[in-house]
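In: for reference, the sequence and a predicted model appear below.
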Amino acid sequence: MSDVSMEKLVSLAKRRGFIYPGSEIYGGLAGTWDYGHYGSLLAYNIKDLWWKHFVEERDDNFAMTTPTLMSEAVWQASGHLDGFADPLIECNKCKHRFRGDQLEDKKKCPDCGGKLGEEKAFNLMLPVQLGSVEGKSNTAYLRGELAQGMFVNFKNTLDTLRPKLPFGLAQIGRAYRNEISPRDFLFRVREFDLMEFEYFVKEADWEKYFEMWKKEMWKWIERVGIKKNMVSELEVPEKDRAHYSKRTVDFEFDYPFGTKELYGLAYRTDYDLKKHAKASGLDLTYSDEEGNKFIPHVVEPTFGHGRTILAVMLSAYNEDKERVWLSFKPEVAPIKVAVFPLLRNKPELVEKADEIYKSVKSYIPNTLWDDNGNVGKRYRRQDEIGTPLCITIDFETLEDKAVTVRDRDSMAQQRVKLDELENYLKKKLNG
Ligand code: ATP
């Protein structure tokens, strides 16, 4: 389990401008969170890194972007309108709602002690009415997963890119689920980003690629800065698997509120493409070089973006008597370098510091200027937002053409000549 409590993390996230409760000035909206400046930078950096890792640095994954609104027919065919549900139990007395699979006692309400009602299946898809006021409206759905966007474009992809198996279609984007009880900060929300891909393979090869992606997921976990010793694999038993999956391995993380799902890896078979072929009447077969026609099978690694942010922040959180610091990997840190003039009321110092700041910012874009409070306070602030390096310009800089560079994790300070600064910083940040 993680040493840091959720209270501490949520309060740091708010205090330092990472994440705030959604619609907060009107009392909040359960299951939504707003990302401030540093939270947004962290969130973008994680998406960029994922995209680099799973798409740009590979030859076998292609990019997709599809709308969050999709036709009812898609979800009818995919089985989500029938099968994408959680067990719901409502208290007869206080009317609070719970997920049946998360209750220890399914008879007594944990909130008021009242009698609980019967368990029912509660669909997680969010319907929306489209159309003009006078005319007929159509029901569409906010997507509950990205995968269907890839399946309904399988034929377009074959016709245009002519890819050879195995290949994947990758996407990052919003998903919506009408969760019965959103909770635990970013862990269970009603609107979140997913990063996922559908990897199309020959049926005989699915186990090979399942194993391959399992290994690749571990590499990602390490690269993004999630502590590997806080992650474990869980073979999901048949009764708990999604309706489309023949095998699922969950990657679980040790959150302060328990060991729970971070990512999933599912073998979706040819379930989705077959369903869409039948419902749409289109030919969704693939022809290989020998002229065999068949519907490919699918291995799907899926990564919740919010849960990644949560696991990255929990992994990076450190605290001692003097300070709190987030030891983000430089690639995901919201700010890479902060530049301070030792004093803000000495024009010659500020001028030199400004010149150095502009120069550093030209080769390290996420560089920040900070001249608020004394240097000690600035270090604490940068530590709490996880800035790897701080540069201080002092009176000696004007004489010796060198600056002090301070390392976030070790707090070690080193004097670096200005003409060596670019190399020094890049080396430190790129490992
Ligand atoms: P859970 O069992 O926790 O409800 P799930 O098995 O329904 O999750 P998947 O359908 O596999 O989850 O969703 C893919 C990924 O999306 C998950 O691995 C997780 O990272 C993320 N995710 C799912 N539901 C939520 C949610 N309500 N809030 C935030 N992230 C979520």
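Out: Received it, and whenever you're ready, just let me know what you need. Residues are numbered from 1 along each chain as shown.
In: count the neighbours of Ala170 for me.
Out: For Ala170, the neighbour count with other CB atoms under 10 Å is 23. In short, each C-beta sits where N, CA and C put it, glycine included.
In: just list whatever residues bridge to it.
Out: With DSSP bridges applied, Ala170 shows beta-bridge pairing to Ala63, Phe197.
In: one more: Leu130?
Out: For Leu130, the beta-bridge partners are Asn138 (DSSP bridges).
In: OK, contacts around it?
Out: Going by CB atoms under 8 Å, 6 or more residues apart in numbering, Leu130 touches Leu69, Ser137, Asn138, Thr139, Ala140.
In: check which helix or strand the residue in the stretch 1-150 of the chain that the ligand sits nearest to maps to.
Out: Nearest to the ligand, among the residues of the stretch 1-150 of the chain, is Glu145, at 6.1 Å (CB to the nearest ligand atom). Under the criterion DSSP states H and E, no helix or strand holds Glu145.
In: and it, what pLDDT?
Out: The model reports Glu145 with a pLDDT of 95.
In: do the same with Ala85
Out: As predicted, Ala85 sits at a pLDDT of 87.
In: gap between it and Pro347?
Out: 66 Å (CB to CB, to the nearest Å).
In: neighbour count winner among the two?
Out: Just comparing Ala85 and Pro347: by other CB under 10 Å the higher neighbour count belongs to Ala85, 17 against 9.
In: what sits against the more buried one?
Out: When contacts are counted by CB under 8 Å, 6+ apart, Ala85 touches Ala121, Phe122, Asn123, Leu124.
In: and it, what are its bridge partners?
Out: Beta-bridge pairing for Ala85 (DSSP bridges): Asn123.
In: now stretch 240-253, how far from the chain's geometric center?
Out: Centre-to-centre, stretch 240-253 and its host chain are 18 Å apart (CA atoms, centre = their mean, to the nearest Å).
In: enumerate every residue touching the residue of the stretch 1-150 of the chain closest to the ligand.
Out: Taking CB under 8 Å, 6+ apart, we find Glu145 in contact with His80, Ala175, Leu194, Glu196, Thr302.
In: residues contacting stretch 38-57, please?
Out: 13, 16-19, 35, 61-63, 170, 172, 193, 195, 197, 216, 219-220, 223-224, 303, 305, 308-309, 312-313, 328, 331-335, 366, 385.
In: what average pLDDT does that stretch get?
Out: Mean pLDDT, stretch 38-57: 98.
In: just the CA atoms of that stretch, as PDB, please.
Out: What follows is stretch 38-57, C-alpha atoms only, in PDB (Å, rounded to 0.1, in the frame of the first residue of the first chain):
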ATOM      1  CA  TYR A  38      -0.100  22.000 -13.600                       C
ATOM      2  CA  GLY A  39      -2.600  19.100 -13.800                       C
ATOM      3  CA  SER A  40      -3.300  19.900 -17.400                       C
ATOM      4  CA  LEU A  41       0.400  20.000 -18.200                       C
ATOM      5  CA  LEU A  42       0.900  16.700 -16.400                       C
ATOM      6  CA  ALA A  43      -2.100  15.200 -18.200                       C
ATOM      7  CA  TYR A  44      -0.900  16.300 -21.700                       C
ATOM      8  CA  ASN A  45       2.600  15.100 -21.000                       C
ATOM      9  CA  ILE A  46       1.300  11.600 -20.100                       C
ATOM     10  CA  LYS A  47      -0.900  11.400 -23.200                       C
ATOM     11  CA  ASP A  48       2.100  12.600 -25.400                       C
ATOM     12  CA  LEU A  49       4.400  10.000 -23.900                       C
ATOM     13  CA  TRP A  50       1.800   7.200 -24.300                       C
ATOM     14  CA  TRP A  51       1.300   8.300 -28.000                       C
ATOM     15  CA  LYS A  52       5.000   8.300 -28.500                       C
ATOM     16  CA  HIS A  53       5.500   4.900 -26.800                       C
ATOM     17  CA  PHE A  54       2.600   3.000 -28.400                       C
ATOM     18  CA  VAL A  55       2.200   4.800 -31.800                       C
ATOM     19  CA  GLU A  56       5.100   7.000 -33.000                       C
ATOM     20  CA  GLU A  57       7.900   4.700 -31.900                       C
END
